[in-house]
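In: here are the coordinates; sequence isn't available:
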């Protein structure tokens, strides 16, 4: 099966976003070359947009159509039917990757033809080396961003759910707990509270271990029985998935590789400010105890959170008989906040029955002063609806007896 080397839907979405909001070109024009577009029509439209932009001309459908002619009318209609996005990094990376594949495909064909013509191995090697140098110069890697300190806008760290259990924005956080502790209830309430306080617009929860119908039931119970709210708008701002997970980093013969699905996932997540992934290990296809591999995996998400203003929370299983994160220490080292969830226990270490609706939350890593906000590194929070106690009332009947047997027996 031949590898696909283009994606017209992403090309259309990219052009639609720029036409809808030309100010995006200030950030992205230097990152998009004409050749990232496979369709010649798309190349011509983008070239026209850039020409208008550089000459301070308005950019809209009618002006583009007037410049290019009626032949472009249908293709422009198709482009503008695509949903525009405000963050284009994911789309651009996908298209650049496909561009490299097209160029490799082209040189492979040329080399095959040269072999058929009987060209020497030395000549073929020279062509291959020239191609390699050319592609490396055209598609350079952005190793790091460098800015003068004077150009950087000063900002204090912001938190979501600050009055319940603070989570720093634009970072990756980790929540660990033993099985059966209530992690799913915890993250559902956290997402609801984050949306209710309006510090985020939308939340996405990939709850791969729970059927979506069960998650919906928990959502309703938290809203009604814990938060005493029937705000239907909250439901519109939280999306979930119980689909099988994708491994974004996986082992191969020479080490580990980043899955191409990650860029597609990032593009899909563009509308969401808060992203919760449960459990971490389901998205990680490498050695759980390998620090180097774990560090690389976490870096993928810390970079994403910082660059695209995402707040990402991983839910992770703890080691046996503890609440501590299992596997490589790099999972914890890479994040800025770690919470551990545990049951409330008595002096004998047994869960307290009268506190079964609550859990104890321990702040075990804190790089942003959350302990000062909480005024403690250990707090109790209600995660489940409190069970109503059934009171049995003793009823005593006054019955006349004949030979020790009630008359109405």
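Out: Structure's in. What do you need? Quick caveat, the model's predicted, so the values are computed rather than measured.
In: Looks like residue 191 contacts residue 237 (just checking).
Out: No: the criterion here is C-beta atoms under 8 Å, and residue 191 misses it with residue 237 at 9.1 Å. Bear in mind the C-beta positions are built from the backbone N, C-alpha and C, glycine included.
In: Need the residues touching each of the two.
Out: residue 203 (C-beta atoms under 8 Å, 6 or more residues apart in numbering).
In: Who has more neighbours out of the two?
Out: Taking neighbours as other C-beta atoms under 10 Å, residue 191 and residue 237 compare with residue 191 leading, 28 against 20.
In: Next, the contact list for the closest residue in space to the more buried one that isn't next to it in sequence, please.
Out: Counting by C-beta to C-beta, 6 or more residues apart in numbering, residue 191 lies nearest to residue 203, which is 4.3 Å off, once chain neighbours are set aside. Shown in contact with residue 203 (C-beta under 8 Å, 6+ apart): 191, 194-195, 237-239, 272-276.
In: could you redo those as TSV and give each row distance to residue 48 and secondary structure?
Out: Shown next, in TSV, are the contacts of residue 203 (distance: C-beta to C-beta, whole Å; DSSP: H, G, I helix; E, B strand; the rest coil):
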residue	distance to residue 48	secondary structure
191	43	helix
194	42	helix
195	41	helix
237	37	coil
238	40	strand
239	36	strand
272	33	coil
273	34	coil
274	38	strand
275	36	strand
276	42	strand
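In: Show me which of those is closest to residue 121.
Out: Distance to residue 121, by C-beta to C-beta, is smallest for residue 275 among those, at 50.4 Å.
In: ok, that closest one - how many residues close by?
Out: 23.
In: any idea how far it is from residue 170?
Out: Remark: distance between residue 275 and residue 170 (C-beta to C-beta, to the nearest Å) = 12 Å.
In: which residues do the two both contact?
Out: Common neighbours of residue 275 and residue 170 (C-beta under 8 Å, 6+ apart) are 310-311.
In: In the stretch 301-409 of the chain, mark out all the strands, start to finish.
Out: Under the criterion DSSP state E, counting those that start in this stretch, strands of the stretch 301-409 of the chain are mapped to 311-317, 337-342, 358-366, 378-382, 401-402, 405-406.
In: secondary structure class for the closest residue to residue 318 other than its chain neighbours?
Out: In this structure, residue 318 finds its nearest non-sequential neighbour in residue 176, 4.7 Å apart by C-beta to C-beta, 6+ apart. In three-state terms, and counting by DSSP: H, G, I helix; E, B strand; the rest coil, residue 176 is strand.
In: Return the set of residues that bridge with residue 176.
Out: Beta-bridge partners for residue 176, by DSSP bridges, are residue 316, residue 340.
In: count of residues packed around it?
Out: That count, for residue 176 with other C-beta under 10 Å as the rule, works out to 28.
In: List the residues that contact it.
Out: Contacts of residue 176 were listed using C-beta under 8 Å, 6+ apart, and they are 315-318, 323-326, 338-341.
In: Of these, which one scores lowest on pLDDT?
Out: Among those, residue 323 has the lowest pLDDT, at 74.
In: mind showing which ranges of this protein have poor pLDDT?
Out: Applying pLDDT under 70 to the chain flags the ranges 1-3, 140-144, 388-409.
In: Which stretches in it count as helices?
Out: Assigned by DSSP state H, the chain shows helices spanning 8-20, 25-28, 40-54, 61-68, 73-80, 89-116, 121-138, 183-196, 212-221, 233-236, 261-268, 291-307, 330-333, 370-374.
In: re earlier: will you turn the contacts of residue 176 into TSV that also has distance to residue 18?
Out: Below are the contacts of residue 176 laid out as TSV (distance: C-beta to C-beta, whole Å):
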residue	distance to residue 18
315	37
316	39
317	43
318	46
323	48
324	47
325	42
326	45
338	40
339	40
340	45
341	44
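In: Show me the two of these that sit farthest apart.
Out: Farthest-apart pair in those is 326 and 339; separation 15.2 Å (C-beta to C-beta).
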